[in-house]
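**Q** below is the sequence, then the predicted model.
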Amino acid sequence: MADYWKSQAKKFCDFCKCWIADNKPSIGFHESGKRHKENVTKRLSEIRKNSAKTYQEEVQVDKEMKKMEEEALRAYMKDLQENPDYTSKKLLEETEKRKKELEDSVRQPKEPEEPQVVKTEESQTASAATTKVWHEAKSDDGYTYYWNTDTAESKWEPPEEGFVSLEEQELQKKQAKLKEEIKKKKKEEKNKRKQEEIRAFKERENFKKKRKNKDEKKDIETDLPVGPAPKPDPYGGWTVVEPKVEEPLDLELPEQEYVTIKVPELTEPEIKFKEKTFSSLADDDSEFGTIKKEPEGGFKKRKLNRGNMRQKMDTD
């Protein structure tokens with residue numbers, strides 16, 4: 001196996017835009033710092049300001065959309081007045097009739113029920129006529145033709161029922177695109193706001209927990225020594241060495257059944273001594289024989305040991 005170097009894991013702080021070692025003591029030290037707390041408060045204030053700005057922007061977008069729709073309706077009404085066809089004539093006639101009916105209702109009493117039913121039927125037929133089925137289109141050669149959306153029928157001549165011009169179709173497409181883009185932007189902004197709110201909520205909770213822990217530590221009474229401070233020792237103070245008791249390793253060996261063996265106890269035999277009494281040392285009947293007494297004041301005769309002496313080898 002080849003040796004390789006492994007770097008320490010790191011974590012990126014979004015508030016301070018810096019890298020930290022990914023362990024609990026370094027993260028806690030960084031989050032308890034003054035700079036990190038100031039950056040968190042700044043981010044919270046920015047989120048509040050941005051939320052107010054986005055709300056104002058949404059209101060402005062809604063106003064602009066309403067203006068766009070009103071201008072499109074005005075342009076459509078102008079086109080109907082300038083280029084009147086069957087549907088435009090019907091619409092103008094209905095508007096004029098409604099105006100006259102309102103004026104007559106103010107001046108005269110209400111009409112009976114029967115003509116009202118007839119008017120409602122006529123209005124329904126007019127509203128059905130307003131839904132244009134024919135659309136204007138152009139062929140590859142550049143000729144204009146008209147096609148029906150329901151029956152898929154095509155004509156070269158303009159239909160009497162009326163049709164939707166190319167300009168109106170383009171306006172409708174633009175309006176649909178604008179609405180889709182605005183919806184997408186609103187969704188993205190809402191998602192961003194939610195994410196920022198969740199992140200801010202988590203930061204607040206962590207900040208509150210750290211504050212509580214600090215307050216609890218301050219409340220605990222610490223017994224500090226009273227009197228002059230001790231001399232600073234560059235090598236540190238004395239500490240009691242506690243020997244570490246090593247726990248026995250579990251080798252996970254199979255257990256063996258031990259049989260107790262009874263060992264017989266060895267008993268030493270008792271030694272018995274025989275006793276014999278002698279009345280005197282000069283007894284002839286003793287086991288050691290007769291003991292001759294030497295005369296007092298005499299010399300002991302020396303015995304010659306001839307075994308150590310040289311003898312003659314030759315005989316005369």
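**A** Looks like it came in fine.
**Q** residue 76: what secondary structure?
**A** When classified by DSSP: H, G, I helix; E, B strand; the rest coil, residue 76 comes out as helix.
**Q** phi and psi next, for residue 176.
**A** Main-chain dihedrals, residue 176, degrees, to the nearest 10: phi -60, psi -40.
**Q** that one: neighbour count?
**A** By other C-beta atoms under 10 Å, 10 other residues sit near residue 176. To be clear about C-beta, it is placed using only N, CA and C from the backbone, and glycine gets the same treatment.
**Q** same question, residue 65
**A** 14.
**Q** next one: residue 162
**A** Each residue near residue 162 was counted by other C-beta under 10 Å, and the total is 21.
**Q** isn't it up against residue 146?
**A** No - Residue 162 is beyond contact range of residue 146, at 10.2 Å (criterion: C-beta atoms under 8 Å).
**Q** what sits in contact with each of those two?
**A** residue 134 (C-beta atoms under 8 Å, 6 or more residues apart in numbering).
**Q** any idea of the mean pLDDT in stretch 65-78?
**A** The average pLDDT within stretch 65-78 is 80.
**Q** which residues touch it?
**A** With contacts defined as C-beta under 8 Å, 6+ apart, stretch 65-78 is touched by 168, 171, 175, 178-179, 182.
**Q** kindly reformat these as JSON lines containing secondary structure and pLDDT.
**A** As requested, the contacts of stretch 65-78 are exported to JSON lines (DSSP: H, G, I helix; E, B strand; the rest coil; pLDDT from 0 to 100):
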{"residue": "168", "secondary structure": "helix", "pLDDT": "83"}
{"residue": "171", "secondary structure": "helix", "pLDDT": "84"}
{"residue": "175", "secondary structure": "helix", "pLDDT": "85"}
{"residue": "178", "secondary structure": "helix", "pLDDT": "87"}
{"residue": "179", "secondary structure": "helix", "pLDDT": "87"}
{"residue": "182", "secondary structure": "helix", "pLDDT": "87"}
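**Q** ChimeraX command for the buried members of those residues?
**A** Only the buried entries of these go into this ChimeraX selection, using 16 or more other C-beta atoms under 10 Å:
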select :168,171
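**Q** sketch out the low-pLDDT regions of the chain for me.
**A** Low-confidence segments of the chain (pLDDT under 70): 1-6, 79-92, 95, 99, 102-131, 217-227, 229-230, 281-300, 303-312, 314-316.
**Q** which residue ranges of it form helices?
**A** 24-31, 34-82, 86-107, 113-130, 166-219 (DSSP state H).
**Q** quick one: which of these is nearest residue 280?
**A** helix 24-31 (104.6 Å; C-beta to C-beta).
**Q** name the residues of that closest one that are buried.
**A** Across helix 24-31, burial judged by 16+ other C-beta under 10 Å covers 30-31.
**Q** with just CA atoms, put it into PDB.
**A** Extracted C-alpha coordinates of helix 24-31, given in PDB (Å, rounded to 0.1, in the frame of the first residue of the first chain):
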ATOM      1  CA  LYS A  24     -17.400  21.000  17.000                       C
ATOM      2  CA  PRO A  25     -14.900  23.200  19.000                       C
ATOM      3  CA  SER A  26     -13.800  25.200  15.900                       C
ATOM      4  CA  ILE A  27     -17.400  25.700  14.800                       C
ATOM      5  CA  GLY A  28     -18.500  26.800  18.300                       C
ATOM      6  CA  PHE A  29     -15.600  29.200  18.600                       C
ATOM      7  CA  HIS A  30     -16.400  30.800  15.200                       C
ATOM      8  CA  GLU A  31     -20.100  31.100  15.900                       C
END
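**Q** now for it, which elements pack on it?
**A** Applying 3 or more C-beta pairs under 8 Å, 6 or more residues apart in numbering; DSSP states H and E, one finds that helix 24-31 contacts strand 18-21.
**Q** the strand it packs on pairs with which strands, parallel or anti?
**A** Here strand 18-21 is paired, per DSSP bridges, with strand 10-13 (antiparallel).
**Q** contact partners of the partner strand?
**A** 18-22, 27, 30, 36.
**Q** check stretch 241-251 too.
**A** Applying C-beta under 8 Å, 6+ apart, stretch 241-251 has no contact partners.
**Q** show me the domain layout of the protein.
**A** 8-80+186-218, 86-109+116-130 (automatic domain parsing).
**Q** out of those, which is closest to residue 255?
**A** Judged by C-beta to C-beta, the one of the domains of the chain that comes nearest to residue 255 is domain 8-80+186-218, at 41.8 Å.
**Q** re the thing from before, which one of the helices of the chain lies nearest to residue 269?
**A** Among the helices of the chain, helix 24-31 sits nearest to residue 269 (C-beta to C-beta), with 77.8 Å.
**Q** perfect, that will be all.
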